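A.B. asks: I'd like to go over a predicted model; first the sequence, then the structure.
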Amino acid sequence: MAVQREQPVTYEITHSFPRSRTSVPRARSLLNAALDDWGVGRTACETAELVLSELVTNAVRVPVPWDREVDVRIARLAERGQAEQQEQEQEQGRERGLLRLEVSDAGDGKPEVRMPGDDETNGRGLLLVEALSRSWGVYSRACGTGKTVWAELEAPGCRTPEAPG
């Protein structure tokens, strides 16, 4: 499985969820809270919700023991080579944003985009992830068990949250 080097992280949230369908809306709630805090616009939030929902749904369906958790990471990234332009945008009160969504599970199989038949009710999740993401991929987990599926999305208006005061 290929690994894509991600850009520097400026802010991130991680959380482990039980391997259950109820984890999908809980992961969306975590995402919405983070994106609201980061000032991400509604359209980008809805896109990120859909992508994360598909990734978590796939992870909870992996045929591994039920006591294994699904790990979610939501990160705001700084784009490489854009420092001067980002500095100007920050001075003008706006920032370009890039989000990285990662979902890790204990399964070893590499998910692939497939073209489901017209009568099939499942199998379109990764088609959506591919269509809505700037890029996406899969890599093996460092612990040696399982994989991480990730997607990067544009998130205009993304800003660094205020420090609690």
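C.D. replies: Everything's here; your move.
A.B. asks: low-confidence ranges in this protein?
C.D. replies: Residues of the chain meeting the criterion pLDDT under 70: 1-9, 79-96, 116, 120-124, 157-165.
A.B. asks: and D118, how close does it get to T57?
C.D. replies: Counting by CB to CB, to the nearest Å, the separation of D118 from T57 is 21 Å. Where C-beta positions appear, they are placed from N, C-alpha and C, glycine not excepted.
A.B. asks: the longest helix seen in the chain - contacts with which helices or strands?
C.D. replies: Longest helix of the chain, by residue count under DSSP state H: helix 42-60. With contacts defined as 3 or more CB pairs under 8 Å, 6 or more residues apart in numbering; DSSP states H and E, helix 42-60 has these neighbours: helix 23-37, strand 69-77, strand 98-105, helix 125-132, strand 147-154.
A.B. asks: the more surrounded of D118 and T57?
C.D. replies: T57 (16 against 4; other CB atoms under 10 Å).
A.B. asks: circling back to that earlier point, out of the helices and strands packed on helix 42-60, which one sits most buried?
C.D. replies: strand 98-105 (a mean of 24; mean count of other CB atoms under 10 Å).
A.B. asks: so what strands line up beside it?
C.D. replies: strand 69-77 (antiparallel), strand 147-154 (antiparallel) (DSSP bridges).
A.B. asks: to T22, which of these lies closest?
C.D. replies: Nearest of those to T22, taken as CB to CB: strand 69-77 at 11.3 Å.
A.B. asks: and the direction of the closest one versus that of helix 23-37, what angle?
C.D. replies: For strand 69-77 against helix 23-37, the angle by axes from the mean of the first three to the mean of the last three CA atoms, to 10 degrees is 20 degrees.
A.B. asks: so strand 69-77 versus helix 42-60, what angle?
C.D. replies: 150 degrees.
A.B. asks: list the contacts of strand 69-77.
C.D. replies: 6-19, 23, 27, 30-31, 34-35, 38, 52, 56, 59-60, 97-105, 148, 152, 155, 158, 160 (CB atoms under 8 Å, 6 or more residues apart in numbering).
A.B. asks: still on that earlier bit, tell me which of the helices and strands packed on helix 42-60 lies nearest to V113.
C.D. replies: Nearest to V113, of the helices and strands packed on helix 42-60 and by CB to CB, is helix 125-132 at 4.5 Å.
A.B. asks: which residues touch the closest one?
C.D. replies: Under the criterion CB under 8 Å, 6+ apart, residues 47, 50-51, 54-55, 57-58, 111-115, 136, 151, 153 lie in contact with helix 125-132.
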